[in-house]
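Undergrad: make a model of this:
(chains A, B, C and D)
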2 protein chains.
Amino acid sequence: MATISDISKKTGYSMMTVSRVVNNSKNVSEKARASIIKTIKDLNYAPNAAARRLVKQKSQTIGLIITYEQIFSSYYFLTIMKGVEEKLEKTNYNLIMYASNSPNVSSETKLLNLINQKFIDGFLVIAPSKDEFFMKTLSENKIPTIIIGASYPFFNCVDVDNNKATFLAVEYLLAKGHKSIGLIHGTRNRYDALEREKAFTECLEKHGIEINKKWFVDGRFEYRQAHLNTLKLIDEGTLPTAFFSANDLMAIGAMDAFRSRNIKIPEDISIMGFDDIDLSKLIQPPLTTVRQPLYNMGEEAASRIVELVEKENKQTVSRTIRMDTEIVERESVRKL
Amino acid sequence: MATISDISKKTGYSMMTVSRVVNNSKNVSEKARASIIKTIKDLNYAPNAAARRLVKQKSQTIGLIITYEQIFSSYYFLTIMKGVEEKLEKTNYNLIMYASNSPNVSSETKLLNLINQKFIDGFLVIAPSKDEFFMKTLSENKIPTIIIGASYPFFNCVDVDNNKATFLAVEYLLAKGHKSIGLIHGTRNRYDALEREKAFTECLEKHGIEINKKWFVDGRFEYRQAHLNTLKLIDEGTLPTAFFSANDLMAIGAMDAFRSRNIKIPEDISIMGFDDIDLSKLIQPPLTTVRQPLYNMGEEAASRIVELVEKENKQTVSRTIRMDTEIVERESVRKL
DNA sequence: ATATCCTATGTTAACGTTAACAACGAATAG
DNA sequence: CTATTCGTTGTTAACGTTAACATAGGATAT
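TA: Residues are numbered from 1 along each chain as shown, chains lettered A, B, ... in the order given. Sure thing, here's the model as predicted:
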């Protein structure tokens, strides 16, 4: 592999001038720049990351932490990941994914070492659960971190306003004339699940609609759980005229359950999702849902972590941002 | 962050002696070692990865590549991942996960740069599809690589003998008296799917059993696809007495489909999986399946990539290894 | 015309670690 | 008692890059 020194010798310019060209600095003559760029291409030069890290005391690398459980709500975090990846690609930062295990000391010290050894400059964490062990480590050691998809206390987050979004969805159903509404909720150790469930209850109360706990289905944010538990509910007794699901994947699981019991959507029952994952517009009928700008949230988080890492003055903590949501009207909800 | 120089000053020993202790070298007196170890702990020293990389010209880092689609057969690759992670933890290698996108030039050059910049020493790839774009890059540039879960031509692989394993499974069904057997197959751009499908056909032919293409269900290695397509098959006409599924997740999808049509397993229909993922023993009835030692395959691959990377003489390519499979007898298959 | 400023370029040292070699005293061998 | 070996420790230079400072010549201002 060619080094700056090779380029320097071949062009006759000093290593520093080469370095300036590589880093797009000013104060290089056009002549020098052209000659150096050509030689870089000829020799297939790429800067040595280790040397840079050493001298800059920075790794130009961001770690993205996902938890094993999340992998099951795959569309959700995949979309976020793409946003992060593609944004970071435009900066000169690398991305490393960590899949975190169950609580375990070795991972904890590993996390710290990653930072201490300048292997990683900062972390992005997707929707950690309330009791996620490494969040304490992250916070206690003041490691630059941005959380995506959760408004985690004391952290800098990129999230949506779950309360507002849920009200949007439920009031949409109410406006369509639905007076009996069920809920498919996610795992209760996650902030997003809790916030949406709370808002759901509050919204119905506000509009004087009776809350029937029988119609609360635990879907754990997964397709299969939602499917199975919806099936169970169907086979047990009466149903509401509509369901609000805390994510699309569970909504789709429920829809498949209804279909397999010959319950037509939206003729017999209406269903509303949350997220707007790719799959939602492909299924039959296409799912009406609350769009969460997942891709943009990924991008936004990427920008913010870079900003945070590059800021000398780490105190300038920008606050949690709440991205806008909107109703995406498709065909899974019927007007009564 | 403390450096070797700090430890050196504090203990009075030279930096080289400290380095020797850090790297567990011989020829250090017990006295020196004890003193240095104590100081290392006191100052919370951890070696600087960048400096090491620079001087060693090696990153001590392995990249694990997964494709986006794979994330949907989550249990499968999660188990492998854990094997890899936990094995690598025991060596002094780091692990980085890359989720690969659709074919795209930028990722390709990125891959190469990762190697050229000594950011990564080698790659592990989980079950790439036949036409995966980056496999060519990997092969053309002779990048140290181990493939897991596919016998990819010209690569060094850790796989099972799909032919043998499939014969094991199908002959098990035959031994139980089944004479009409359906297949739930995976995506046909993957070697494991193709090999299992081929072996399935061959095995039936060998035993003079008629092959009914109507009973071939495309499950794409996913729960939902298998579920939906099984439902369709059920609603269309007659069924075989047993199914062989090319992975457990699809088998579970099919089982849930049968159940929702009130077809009892194993009373009315038998089903056999492939993989033995965690979920398989938890469902009702527990799934009879062919155990693939996924975790061990991950471990084995981790050992091999480290070996490959550390070998000066890269020609010593150890050949593809086929791990053993076995039938795990549970309750989803009935004797006719 | 002289002082000042800018532009383009170069020089030196440093980041933290380790390989290769050197040195020194103690133990062992002849 | 001298020569040789061994165990322990230290010295020097190198990995590839960049920050900080230095220099030289040309342009601009007074």
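Undergrad: apart from its chain neighbours, what residue comes closest to the residue positioned nearest the centre of chain A?
TA: Centroid check for chain A by C-alpha atoms, centre = their mean gives residue A:80 as the closest residue, at 3.9 Å. Of all residues not flanking residue A:80 in the chain, residue A:298 sits nearest, at 4.2 Å (C-beta to C-beta, 6 or more residues apart in numbering or on different chains). Every C-beta, even on glycine, is put in place using the N, C-alpha and C of the backbone.
Undergrad: and the contacts of the helix or strand hosting that neighbour?
TA: Assigned by DSSP states H and E, residue A:298 belongs to helix A:294-310. Applying C-beta atoms under 8 Å, 6 or more residues apart in numbering or on different chains, the contact partners of helix A:294-310 are A:58, A:62, A:76, A:79-88, A:91, A:93, A:121-124, A:144-146, A:148-149, A:156, A:158-160, A:275-277, A:314, A:317-318, A:321, A:323.
Undergrad: what do you get if the cut-off is 7 Å, keeping everything else the same?
TA: A:62, A:76, A:79-84, A:87-88, A:91, A:93, A:121-122, A:124, A:144, A:146, A:148-149, A:156, A:158, A:275, A:318, A:321, A:323 (C-beta atoms under 7 Å, 6 or more residues apart in numbering or on different chains).
Undergrad: can you list the buried residues in it?
TA: A:294-306, A:308-309 (16 or more other C-beta atoms under 10 Å in any protein chain shown).
Undergrad: what packs against the one helix or strand residue A:139 maps to?
TA: If you go by DSSP H and E, residue A:139 is part of helix A:133-140. Helix A:133-140 is packed against helix A:105-116, with contacts defined by 3 or more C-beta pairs under 7 Å, 6 or more residues apart in numbering or on different chains; DSSP states H and E.
Undergrad: quick check: residues of the stretch 101-250 of chain A near chain B?
TA: A:106, A:113, A:116-119, A:223-224, A:231 (C-beta under 7 Å from any C-beta of the partner chain).
Undergrad: mean confidence score for the helix or strand hosting residue A:252?
TA: Assigned by DSSP H and E, residue A:252 belongs to helix A:248-260. The average pLDDT within helix A:248-260 is 94.
Undergrad: list of residues touching it?
TA: A:73, A:75, A:184, A:219, A:221-224, A:226-227, A:230-231, A:234, A:243, A:245, A:265, A:269, A:271, A:273-277, A:279-280, A:283, A:287, A:289, B:231, B:260.
Undergrad: so which of those sit within helices?
TA: A:75, A:223-224, A:226-227, A:230-231, A:234, B:231, B:260 (DSSP state H).
Undergrad: that older thread, in the helix or strand just after the helix holding residue A:298, what's buried?
TA: Later in the chain than helix A:294-310, the nearest helix or strand by DSSP H and E is strand A:321-323. Buried residues in strand A:321-323, counting neighbours by 16+ other C-beta under 10 Å, are found at A:321-322.
Undergrad: what packs against strand A:321-323?
TA: Using 3+ C-beta pairs under 7 Å, 6+ apart: strand A:321-323 touches strand A:156-160, helix A:294-310.
Undergrad: for whichever strand or helix holds residue A:174, output the C-alpha coordinates as PDB.
TA: Using DSSP H and E, the element containing residue A:174 is helix A:162-175. Presented in PDB, the C-alpha positions along helix A:162-175 are these (Å, rounded to 0.1, in the frame of the first residue of the first chain):
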ATOM      1  CA  ASN A 162     -45.400   9.500  20.700                       C
ATOM      2  CA  ASN A 163     -48.200  11.200  22.600                       C
ATOM      3  CA  LYS A 164     -49.000  13.600  19.800                       C
ATOM      4  CA  ALA A 165     -48.700  10.800  17.200                       C
ATOM      5  CA  THR A 166     -50.900   8.400  19.100                       C
ATOM      6  CA  PHE A 167     -53.500  11.100  19.500                       C
ATOM      7  CA  LEU A 168     -53.300  11.700  15.800                       C
ATOM      8  CA  ALA A 169     -54.000   8.100  15.000                       C
ATOM      9  CA  VAL A 170     -56.700   7.400  17.600                       C
ATOM     10  CA  GLU A 171     -58.500  10.600  16.700                       C
ATOM     11  CA  TYR A 172     -58.400   9.600  13.100                       C
ATOM     12  CA  LEU A 173     -60.200   6.400  14.000                       C
ATOM     13  CA  LEU A 174     -62.700   8.300  16.100                       C
ATOM     14  CA  ALA A 175     -63.300  10.700  13.200                       C
END
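Undergrad: quick one: mean pLDDT for stretch A:174-189?
TA: On average, stretch A:174-189 scores 96.
Undergrad: and it, which residues are buried?
TA: Judged by neighbour count (16+ other C-beta under 10 Å), stretch A:174-189 contains these buried residues: A:174, A:176, A:178, A:181-187.
Undergrad: check what contacts that stretch and list those residues.
TA: A:129-131, A:170, A:173, A:192-194, A:197, A:200, A:204, A:207, A:209, A:215-221, A:226, A:240-247, A:250-251, A:254, A:270, A:333, A:335-336.
Undergrad: can you name the residues of chain A that neighbour DNA strand D?
TA: Within chain A, the positions near DNA strand D by C-beta under 7 Å from any atom of the strand are A:1, A:3-5, A:15-16, A:19, A:22-23, A:45, A:47-48, A:51-52, A:54-56.
Undergrad: among the residues you listed, which are in helices?
TA: Short answer: the residues of chain A next to DNA strand D in helices (DSSP H) are A:4-5, A:15-16, A:19, A:22, A:51-52, A:54-56.
Undergrad: mind putting these in CSV, distance to DNA strand C and neighbour count included?
TA: Output for those, formatted as CSV (distance: C-beta to the nearest atom of the strand, whole Å; neighbours: other C-beta atoms under 10 Å in any protein chain shown):
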residue, distance to DNA strand C, neighbour count
A:4, 10, 21
A:5, 10, 10
A:15, 6, 14
A:16, 3, 11
A:19, 8, 15
A:22, 13, 17
A:51, 7, 17
A:52, 9, 19
A:54, 4, 19
A:55, 3, 10
A:56, 8, 11
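Undergrad: out of the residues you listed, which two sit at the greatest distance?
TA: Within these, A:5 and A:56 form the most distant pair, 18.5 Å apart (C-beta to C-beta).
Undergrad: now the residue in the stretch 51-200 of chain A positioned nearest to chain B: how far from residue A:210?
TA: Going by C-beta to the nearest C-beta, chain B is nearest to residue A:53 of the stretch 51-200 of chain A, at 3.5 Å. As judged by C-beta to C-beta, to the nearest Å, residue A:53 and residue A:210 stand 61 Å apart.
Undergrad: looking at those two, which has the bigger crowd around it?
TA: Shown here are residue A:53 and residue A:210; by other C-beta atoms under 10 Å in any protein chain shown, residue A:53 has more neighbours (24 against 9).
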